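Novice: sequence first, then the predicted structure:
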There are 4 protein chains.
Amino acid sequence: MKEINSEAIQGMIPKRNKESHKADYGRVLVIGGNEAMGGAIILTASAAVYSGAGLVTVATAKVNHTALHARLPEAMVFDMYDADRLLKQLATATVIVIGPGLGLSSESLAILKSVLASVTKEHYLIVDGSAITLMAKYHLKTPIAKTIYTPHLGEWQKLSHLKPTEQNETLNIQARKELKAAVVLKQARTEIYFLDEVWKNSQGNPAMATGGMGDALAGMIAGFSAQFKNNRFAIITAVFLHSKIGDDLAKKQYVVLPTQIIANIPFIMKEFSTKFIF
Amino acid sequence: MKEINSEAIQGMIPKRNKESHKADYGRVLVIGGNEAMGGAIILTASAAVYSGAGLVTVATAKVNHTALHARLPEAMVFDMYDADRLLKQLATATVIVIGPGLGLSSESLAILKSVLASVTKEHYLIVDGSAITLMAKYHLKTPIAKTIYTPHLGEWQKLSHLKPTEQNETLNIQARKELKAAVVLKQARTEIYFLDEVWKNSQGNPAMATGGMGDALAGMIAGFSAQFKNNRFAIITAVFLHSKIGDDLAKKQYVVLPTQIIANIPFIMKEFSTKFIF
Amino acid sequence: MKEINSEAIQGMIPKRNKESHKADYGRVLVIGGNEAMGGAIILTASAAVYSGAGLVTVATAKVNHTALHARLPEAMVFDMYDADRLLKQLATATVIVIGPGLGLSSESLAILKSVLASVTKEHYLIVDGSAITLMAKYHLKTPIAKTIYTPHLGEWQKLSHLKPTEQNETLNIQARKELKAAVVLKQARTEIYFLDEVWKNSQGNPAMATGGMGDALAGMIAGFSAQFKNNRFAIITAVFLHSKIGDDLAKKQYVVLPTQIIANIPFIMKEFSTKFIF
Amino acid sequence: MKEINSEAIQGMIPKRNKESHKADYGRVLVIGGNEAMGGAIILTASAAVYSGAGLVTVATAKVNHTALHARLPEAMVFDMYDADRLLKQLATATVIVIGPGLGLSSESLAILKSVLASVTKEHYLIVDGSAITLMAKYHLKTPIAKTIYTPHLGEWQKLSHLKPTEQNETLNIQARKELKAAVVLKQARTEIYFLDEVWKNSQGNPAMATGGMGDALAGMIAGFSAQFKNNRFAIITAVFLHSKIGDDLAKKQYVVLPTQIIANIPFIMKEFSTKFIF
């Protein structure tokens, strides 16, 4: 495994072109947030915006629209149960996140199936949270899109059929191959399984062990994927900076909240985009 | 009485295990917030989240869902009048708070009775605010759960049947025995009545005498109970840090708001979890 | 006229008693905020909370409840068009503010009339904004409560029937006498007309000339009236500190927002409650 | 072209008169925000308020009212689809912004047509976002009001019928003449086309290339137009300070959010209103 650390991510964050505009930084579509878990999709969308995605649109249950706008006026929103609208938005998106707070209902499943059937090989697709559980439960296949799964250990068990004791590098690599996707395996030291290499994070701390932390990471991966030409760099950097912020904040905090991680993204990106130019 | 002070709480805040994840820090279910008092339950839930509880779910009137998510995307939410849903959530919770802003209606009473009938001896149950008044008014019995009452002096009178002049240590101990629960008796210098010992806070100030301050304390007790192996430590530390933050802020503020207390919880926990290691 | 300045307000802010609790700091009922002007009542309620009122309840149009809770979980809320509820709340309130964003509709008038008919001589009643216009338009009489009008110059013209050129100290004193109330006449240098003396503010600046600034002042007068034994001190201090914060902020800001004034109230109260003890 | 820089804007920000009140700083009416794009109009309204406009009223879809008040209690609000109300508000406004998040539906078009037919030559009218697209698509004529278009390059192509390669100073001047309006042509270095002169910004950076940035600029132009006697100064200063804040923030941030720009407006206005008095 390669270690994800300050040196490794050097040069991975691209410098923005002076003549660029928001269309150059992608259109992220974030899908999730049912009637009970609207906060999850607000976190994911916020992380995408604060990561620098050009435009962020949120598909979520209507009951969540007001809270989303109250926290994040930078995002657009529509009802995720509106199937026609969802298809139209998928067509214009460059990066899609599905899963945070999506839930496990038949409606949630229908939305997921619709996305899987509609994405193209041009799309980046991040499959997170409830969507991973649904993929596993209904034996759904990884679609044609450039797909990234972001399971925690429990979700990985469902997805890979590997018991906790079997979840070693070799078997994980094998399971990833069958999935035909990148896998961000969230844990104390998060691991990333690509086609031909495995990376392991050197950052992260237990103050980050709190609800919503994964939703924020999914949004960062989406935001970075929308901007970085090299998608591996996007994923590696997102995993690193998410936990690096957490480590920095944990020096003064017993627990670190996802909203605090999100607020710090623009600053840490700046720090690591300029730090190591030598 | 033992004094609650910096020395006494030394070592009470557990160090988080490096390999831990959010499931290790409990599932808190916060029940309350009717159509008029939604703010109370938002404060309690926020305090639980900022105290480091692993997952926080809020049962509250539908009208409060949007404000909750707008302030606290880290929490999940459902309608507290949905009896089936409430039972399901009770089954998965490790710590329950009932009462902040719950109200005194027949619907509020039904919710309380349902909780009392459903909790097990594994649950921690914090009974606060309206729920205390309802317990007293309808002569409801402390359930099988590990129960903690958090009355202010007026609520304690209803619950203990002790007149203000009778509320001395001896009679309070007697009243607590009949309740078969821990009692956090909120006042200028809050007292905690356990089975075999009484603690008295050394902190707190009148700048904290404002609406919602007790709701925040209930959330802290819940959040700490979800994480600390030793529940007495959880209660003692919550009472201490709640008023310690208040004392710190009152150096520069004439009045201290509950939302300000809440924002400072992660920082003061860090301070007191590391300060006295010698 | 007496000048309101740092020296004059010395000793006016009471020291809180160590054994006190929120019930000692009053119950403020804030009435206003129709379908278009909900922000006004949110500002007034926020100012009352941040001024240290013990409990703050807001009567406002239902459409404003969520925004209120999202900004200010410390307050309680109910529908201002619910006449029975309004009467019940009036009975328990110690200080009432009516007017910010109330509007001029027949429903607004009905609410105002209901309040005027229900208040007792024990109540402090602050009549602000739309309520002043309604009082003038419908020739309503100052009620039996200890009443404080807070007109700006245009509203004062309607209420006093004095043309701008006639608004001098002598005629204002005469007009106030007919009103049988204290008058806070808002302007660049705000004047306060009591029964037997007139005060003129020495603070304030044009960066404060922006919408909502008066709503915040009304909330401060209410919050202070709920806590100070001497109501003249409450009014004088509120007028002074409101503009003193504005002057402090205007050193670095071209415009000062009411929400910024409100956030600073606890700090400036502390500063002026301790500064001049010698 | 004249360069917009620190020296050029010297003296353009007026000093507020000591005796002034909010009515001296204009009434801004902000129209936009459909069911999907409420965030856009919240940003525009916020920028107008933080720019110091005396009163700001927002016409937007009902679904956005709560989020607006939760973020910005300083503003008033009504349903933009209420045609009668819109006409009444237009009559009292001094500055109108139409377009941010307005959408392209037939209802959006009807609102735009109603505004174009109702404005007088006394009004300042800022045409932004969706409204520009609608003007171009339906060949609507610039109305009698003092009109300012704020297109980005793609919108300018639709409005001017100039291909990207044709968008040079000479042809832009010609196209502006046919429009009979000022044009703020947003790009990396924004240009302003007036009747007889062209200005080019010296500030701005690609960290600002994110959704909502233009909505904030439209609000600043509106807020400044409401206060500055010289409207060219208002437009030039708004363009400059918007990007100057962005440049300042980008020293520490990889991406700069519109909400962050807005929060800094009062401070940078102060800085540049006093800096160069010599």
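Specialist: That came through fine. Owing to the predicted nature of the structure, the values given are computational and were not obtained by experimental measurement.
Novice: give me the most central residue, chain A.
Specialist: A:Ala218 (1.8 Å; Cα atoms, centre = their mean).
Novice: so what's that residue closest to, chain neighbours aside?
Specialist: Excluding the flanking residues, the one nearest A:Ala218 by Cβ to Cβ, 6 or more residues apart in numbering or on different chains is A:Asp128, at 4.1 Å. Yep, even glycine has a C-beta here, placed from its N, CA and C like the rest.
Novice: so which bits of the stretch 151-278 of chain A are right by chain B?
Specialist: Residues of the stretch 151-278 of chain A that fall close to chain B, judged by Cβ under 8 Å from any Cβ of the partner chain: A:152-153, A:187-188, A:205-207, A:209-213, A:250-259.
Novice: buried among those? Make that a ChimeraX selection.
Specialist: In ChimeraX syntax, the buried subset of these is picked out as below (16 or more other Cβ atoms under 10 Å in any protein chain shown):
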select /A:152,187,188,205,206,207,209,210,211,212,213,250,253,254,255,256,257,258,259
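Novice: list the buried ones in the helix or strand containing A:Ala216?
Specialist: Assigned by DSSP states H and E, A:Ala216 belongs to helix A:213-227. Across helix A:213-227, burial judged by 16+ other Cβ under 10 Å covers A:213-227.
Novice: and stretch A:58-76, by the same measure?
Specialist: For stretch A:58-76, burial by neighbour count (16+ other Cβ under 10 Å) applies to A:58-76.
Novice: on that earlier part again, between the buried residues of helix A:213-227, which is nearest chain B?
Specialist: A:Met213 (7.3 Å; Cβ to the nearest Cβ).
Novice: surely the closest one meets A:Ile261?
Specialist: Yes. At 7.2 Å, A:Met213 counts as touching A:Ile261 under the criterion of Cβ atoms under 8 Å.
Novice: which residues do these two both contact?
Specialist: Common contacts of A:Met213 and A:Ile261 (Cβ atoms under 8 Å, 6 or more residues apart in numbering or on different chains): A:Gly246.
Novice: quick one, helices of chain A?
Specialist: For chain A, applying DSSP state H gives helices covering A:38-50, A:65-71, A:83-92, A:106-118, A:130-137, A:153-160, A:169-179, A:213-227, A:231-250, A:258-263, A:265-274.
Novice: tell me which of those sits most buried.
Specialist: With neighbours taken as mean count of other Cβ atoms under 10 Å in any protein chain shown, the helices of chain A reach their highest mean count in helix A:38-50, at a mean of 33.
Novice: need the phi and psi values for A:Asp82.
Specialist: phi -90, psi 90 (degrees, to the nearest 10).
Novice: what sits against it?
Specialist: Counting by Cβ under 8 Å, 6+ apart, A:Asp82 has no contacts.
Novice: so what's it scoring on pLDDT?
Specialist: pLDDT for A:Asp82: 98.
Novice: how near is it to chain C?
Specialist: From A:Asp82 across to chain C, the span is 23 Å (Cβ to the nearest Cβ, to the nearest Å).
Novice: how about the residues of the stretch 1-150 of chain A near chain B?
Specialist: A:35-40, A:42-43, A:46, A:63-64, A:66-67, A:70-71.
Novice: and which of these is nearest to chain C?
Specialist: A:Ala70 (5.8 Å).
Novice: so who does the closest one touch?
Specialist: By Cβ under 8 Å, 6+ apart, the neighbours of A:Ala70 are B:Thr66, B:Ala70, C:Ala67, C:Ala70, D:Thr66, D:Ala67, D:Ala70, D:Arg71.
Novice: rebuild those residues as a markdown table, extending it with pLDDT.
Specialist: Below are the contacts of A:Ala70 laid out as a markdown table (pLDDT from 0 to 100):
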| residue | pLDDT |
| --- | --- |
| B:Thr66 | 98 |
| B:Ala70 | 98 |
| C:Ala67 | 98 |
| C:Ala70 | 98 |
| D:Thr66 | 98 |
| D:Ala67 | 98 |
| D:Ala70 | 98 |
| D:Arg71 | 98 |
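Novice: and which of these is nearest to C:Glu169?
Specialist: For these, the residue nearest C:Glu169 by Cβ to Cβ is C:Ala67; the value is 40.8 Å.
Novice: that closest one contacts C:Met37, correct?
Specialist: No. Counting by Cβ under 8 Å, C:Ala67 sits too far from C:Met37 to count as a contact (11.7 Å).
Novice: low-confidence ranges, chain A, go.
Specialist: Residues of chain A that meet the criterion pLDDT under 70 lie in A:275-278.
Novice: let's see that with 80 instead.
Specialist: Under the criterion pLDDT under 80, the flagged ranges of chain A are A:274-278.
Novice: and A:Val239, how far from chain B?
Specialist: 16 Å.
Novice: check A:Thr150 too.
Specialist: Taking Cβ to the nearest Cβ, one finds A:Thr150 at 14 Å from chain B.
Novice: contacting residues around that residue?
Specialist: A:Ile126, A:Val127, A:Asp128, A:Ile132, A:Val183, A:Val184, A:Lys186, A:Gly214, A:Leu217, A:Ala218, A:Ile221 are the contacts of A:Thr150 under Cβ under 8 Å, 6+ apart.
Novice: go again with 6 Å.
Specialist: Shown in contact with A:Thr150 (Cβ atoms under 6 Å, 6 or more residues apart in numbering or on different chains): A:Asp128, A:Val184, A:Ala218.
Novice: how close does A:Phe224 sit to chain D?
Specialist: For A:Phe224, the distance to chain D - Cβ to the nearest Cβ - is 11 Å.
Novice: how about the nearest residue to that residue, chain neighbours excluded?
Specialist: Nearest non-adjacent residue to A:Phe224, counting by Cβ to Cβ, 6+ apart: A:Ala234, 3.7 Å away.
Novice: same thing with A:His69?
Specialist: Nearest to A:His69 is D:Ala67, by Cβ to Cβ, 6+ apart, at 3.6 Å.
Novice: hang on, the one you found packs against A:Thr66?
Specialist: Yes. Counting by Cβ atoms under 6 Å, A:Thr66 is a contact partner of D:Ala67 at 4.9 Å.
Novice: tell me which residues in stretch A:193-205 are buried?
Specialist: Of all the residues in stretch A:193-205, those buried under the rule 16+ other Cβ under 10 Å are A:Tyr193, A:Phe194, A:Val198, A:Trp199, A:Lys200, A:Asn201, A:Ser202, A:Gln203, A:Gly204, A:Asn205.
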